[in-house]
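# Here is a sequence with its predicted model. Questions after.
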Amino acid sequence: MKLAALIAFVVGVCLLQSQATLPSSILVAVVAVVAGMGLLLSSRLGHAVTARGATLIAIVGVGFAYAAAHATWRMADQLVFDDEGRDIAVEGVVASLPVKLERGVRFEFDVERTVTPAVHAPSRLLLGWYSGNTAVQPGERWAFTVRLRRPHGVMNPGGFDFEAWMLERNLRASGYVRTGRNDPPPARTDAMQWQPRYAIERARSSLRDQLQPQLADKRYGGVLLALVLGDQRAIADADWTLFNRTGIGHLVSISGLHITMIASLAGLLVGALWRRVPLLLTYAAAQTAAVMAGLTAACIYALLAGWGVPAQRTVVMLATVGVAWLFSSRIGAAMSLALAAVLVCLIDPWAVLSPGFWLSFGAVAAIVWVMHGRSRGSSSLTWRHGLLSAARVQIAVTLALIPATVLTFHQLSVVSPLANALAIPLVSWAVTPLALAGAALTVLPAPLSSIAEPLLGTANAIFAALSVVLQWAASFSWATVPIATPPLMLVALAAVGVVWLLAPPGWPLRAVGALALLPMFVWPAARADDGEVWVTALDVGQGSAVLVETRDRAWLYDTGPRYSSDSDAGERVVLPYLRHRGIGRLDGLIVSHLDGDHSGGAASILRSIEVDRKISSIAPGHPVLNGHTGVELCVAGMQWTSGTLTFAVLHPLQTDYGLKRDTNSMSCVILITSGSTRLLLTGDVAQADEAAFLAREPALRASWLAVPHHGSRTSSGAHLLDTLSPTAAVAQAGYRNRFRHPDPEVVARYRARSIGFFRTDHAGAVQWRFGPNGSRTVSAARQSDARYWHNRPGAMPPPSSPPQESEPALPDASPGPPEPLVGG
């Protein structure tokens, strides 16, 4: 009953995090009171089953009310819509390790005072400083003028939830430091605020500054820096592709799994040493020493990681499990894990939203489950037993992470078991300890500091050798398989199967556990019915990416923008969505023109997925197309069929390629027809281009329209709308983009003609399902997948003061976290 009660509390917390809106404070209070009364009355119920059921329901209510109360308090600390884009003067402290960007730095900032009258700046901000003196250090107090916006990320089914990431870290607004000619210059008002959390971040910054020169000439220096400090910016984009393809991405960032493995290593080493020194056994049992050593190592490593919420919850989890292990005669493994989950949820009710929580918890649970009772009672531990235990742990962790990995990343790395079997011991028990030892020696005086170089060099060499094997494993076309997001029930069944499979010797029919994994792998992805056409306008920020599907075909038009030198919509948005849909190849890719907001993700897509046919107005072999030469030029008059889809190119003309034309005017305009469904994809054409292809096609009609040029006032002329007479249109634009797309006049033009107008900055990804009989259904991600923390801009006023052209605008999409998703 105690175990069920603990699980019930976690269920209540999870239930709150699945709500589209927060319950009112009155309702929360009522739930809490009713739950409390239920707990009191349940003991007086005569029927045991009824009493237990009432108790569990009451505890679920307690968990729900607890999480709701915390969510209400946190959501109250927010920026109002009217204050977005305003100049706001704030004073506060740099609260995190600054992340170096191409043009400046990004850091978390604790607001101590909002200087601007009648404005409330949230207590914690995510700020970028893109020009001027950006040498900020943690713990410094600064006075800034900033422009802020509410947490808002791109929103696509199966995609990363940036707004949940911000909420969990209590970052209630993002923005940038104003450094224009007419702005008050940023001023540092105090060199250091000596509070523990700031001191930790300052120490991390100092260590990074000392490590970077020693790692600069090492091929995998960025990986070593990430393993020591959690600073993954130095890891090359190509390396991330390799790590994700081989399923070891969780091993190259400080995550709950890493902290767990380091704690396990410390515990195993100290325990083995303790058993062999009789004198030490007179002070404490080997098991006690091992647990204390593991917890100490976990705390130190978590401090290096910045002692953020993910690191804190992992340490709490390990501490709970470790203490329970010491008193195992009274507390079982399942009870200790459930207690750890409750403590983590008490500290951080949003922990259940993070993939890292489930990955970390799964790793700890697997280690405890597979090792529980196997070595207890042994007075000695041979190296053979140690190796067998290590191998058992590796296999257990690899298997335990499969359900959460499939649910989170929508793919299965077929080579992952092999890659992890080699990478887990090498990275966790060789590369990481060597990197940590080298980092520790770096800060010591000579001659001890001179030992750091060979240790770091050895760690780099080991990882380089590992990468050779990883590259070989990733070279197979079948190395990864996309898996459509399965229902939660099948993921839960797979988790039960893993538990069954990893059960201790003597457990009945352990092999049956493998069968429980199969439904998750073979779950069929949703597909269009015969004659149906599905059109999905993805939310990529300020850019374009549209997926057109039938039962057996998938075509992608445009690939979204490039967000930075190591991040683009292809990798961050399009590929995750394709995996979520179980799409492993594209029948065709059309890149409308060269502008980066349409072609920015093309190279990532062409590098990562098989594409049968490639069409563009961009010259073959261009780097934007990943150097592909088998690209057909898009020329008006081209026609082809793909299954039930018929494609016709309307623009540009062959003669346009010989002219020096604006890249927007070279946009490939495509009409896609299937039965009564007619889709027009327009790129960034202007009204003059619209008039030109309408003159060639005066009877052109379309039932659905991709709004030209994101709704710019230079496009979507009245002649185009009157001729096409579409029933639906979508403008793909970034939230509060500096171009102010879509223009209010353009929006009014569509609405005056009763055209159903959608915009991805408000609705998220929008999908239309057109039936063969002319029926149509539409769904928007911000409505269908809504959670209480999601921004709902709705009919908010347009930006009153767009950023000056001399200054960077806020990121249009905030497509993903500043750190990899696996951290945890």
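Noted; the coordinates are in hand.
# what comes up buried for stretch 411-420?
Gln411, Leu412, Ser413, Val414, Val415, Ser416, Leu418, Ala419, Asn420 (16 or more other C-beta atoms under 10 Å). Every residue, glycine included, has its C-beta placed from N, CA and C.
# can you check stretch 720-731 too?
So stretch 720-731, judged by 16+ other C-beta under 10 Å, has buried residues Leu720, Leu721, Thr723, Leu724, Pro726, Ala728, Ala729, Val730, Ala731.
# Check the offset of the helix ranked longest in the chain from the chain's centre.
Assignment by DSSP state H gives helix 48-76 as the longest helix of the chain. Centroid separation for helix 48-76 versus its chain: 28 Å, with C-alpha atoms, centre = their mean, to the nearest Å.
# repeat for stretch 647-667
37 Å.
# same check, this time on stretch 163-176
Taking mean C-alpha positions (C-alpha atoms, centre = their mean), stretch 163-176 and its chain are 13 Å apart.
# for stretch 311-325, same thing?
On C-alpha atoms, centre = their mean, the centre of stretch 311-325 falls 25 Å from that of its chain.
# Show me what counts as buried in that stretch.
Of the residues in stretch 311-325, those buried (16+ other C-beta under 10 Å) are 311-322, 324-325.
# The stretch 551-700 of the chain: strands as residue ranges?
554-557, 562-564, 567-568, 585-591, 610-616, 632-633, 639-642, 645-651, 669-674, 677-681 (DSSP state E, counting those that start in this stretch).
# how much space is there between the residue nearest to Val540 when sequence neighbours are not counted and Ser131?
Nearest residue to Val540, sequence neighbours excluded (C-beta to C-beta, 6 or more residues apart in numbering): Gly560, at 3.4 Å. According to C-beta to C-beta, to the nearest Å, Gly560 stands 26 Å off from Ser131.
# Mind checking which of those two has more residues around it?
A count of neighbours by other C-beta atoms under 10 Å puts Gly560 above the other of Gly560 and Ser131, at 34 against 15.
# separation between Ala266 and Leu207?
20 Å.
# per-residue confidence averaged over the host helix or strand of His258?
Element membership of His258, judged by DSSP states H and E, is helix 256-276. For helix 256-276, mean pLDDT rounds to 84.
# repeat for stretch 792-804
51.
# closest one to Phe81 among the strands of the stretch 551-700 of the chain?
Evaluated over the strands of the stretch 551-700 of the chain, closeness to Phe81 peaks at strand 562-564, with 24.3 Å, by C-beta to C-beta.
# So what are the sheet partners of the closest one and their directions?
strand 567-568 (antiparallel) (DSSP bridges).
# hmm, back to that, roughly how far out does the helix or strand following the helix holding His258 sit from the chain middle?
Following helix 256-276 in sequence order, the next helix or strand is helix 278-281 (DSSP H and E). Relative to its chain's centre, helix 278-281 lies at 48 Å (C-alpha atoms, centre = their mean).
# List the buried residues in helix 278-281.
Residues of helix 278-281 include none that count as buried (16+ other C-beta under 10 Å).
# List the buried residues for the helix or strand that that helix is followed by?
On the C-terminal side of helix 278-281, the closest following helix or strand by DSSP H and E is helix 286-304. Neighbour-count burial for helix 286-304 flags 286-287, 289-295, 297-302, 304 (criterion: 16+ other C-beta under 10 Å).
# what's the model's confidence in helix 286-304, averaged?
The model assigns helix 286-304 a mean pLDDT of 90.
# Could I get the CA-only coordinates of that helix as PDB?
Taking Å, rounded to 0.1, in the frame of the first residue of the first chain, the C-alpha atoms of helix 286-304 are listed here in PDB:
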ATOM      1  CA  ALA A 286      32.200  -1.700   2.600                       C
ATOM      2  CA  GLN A 287      28.600  -1.100   1.400                       C
ATOM      3  CA  THR A 288      28.300   2.100   3.500                       C
ATOM      4  CA  ALA A 289      31.600   3.400   2.200                       C
ATOM      5  CA  ALA A 290      30.600   2.600  -1.400                       C
ATOM      6  CA  VAL A 291      27.300   4.500  -1.000                       C
ATOM      7  CA  MET A 292      28.900   7.500   0.600                       C
ATOM      8  CA  ALA A 293      31.600   7.600  -2.000                       C
ATOM      9  CA  GLY A 294      29.000   7.400  -4.800                       C
ATOM     10  CA  LEU A 295      26.900  10.200  -3.300                       C
ATOM     11  CA  THR A 296      30.000  12.400  -2.800                       C
ATOM     12  CA  ALA A 297      31.000  11.900  -6.400                       C
ATOM     13  CA  ALA A 298      27.500  12.700  -7.600                       C
ATOM     14  CA  CYS A 299      27.400  15.900  -5.600                       C
ATOM     15  CA  ILE A 300      30.800  17.100  -6.900                       C
ATOM     16  CA  TYR A 301      29.900  16.300 -10.500                       C
ATOM     17  CA  ALA A 302      26.400  17.900 -10.100                       C
ATOM     18  CA  LEU A 303      28.200  21.100  -8.900                       C
ATOM     19  CA  LEU A 304      30.400  21.100 -12.000                       C
END
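# which residues touch that helix?
Residues outside helix 286-304 that contact it (C-beta atoms under 8 Å, 6 or more residues apart in numbering): 200, 204, 207, 228-230, 254, 258-260, 262-271, 274-275, 280, 311-312, 314-315, 318-319, 322-323, 325-326, 376, 436.
# and those, which are buried?
Counted by 16+ other C-beta under 10 Å, the contacts of helix 286-304 give 200, 204, 207, 228-230, 254, 258-260, 262-271, 274-275, 311-312, 314-315, 318-319, 322, 325, 436 as buried.
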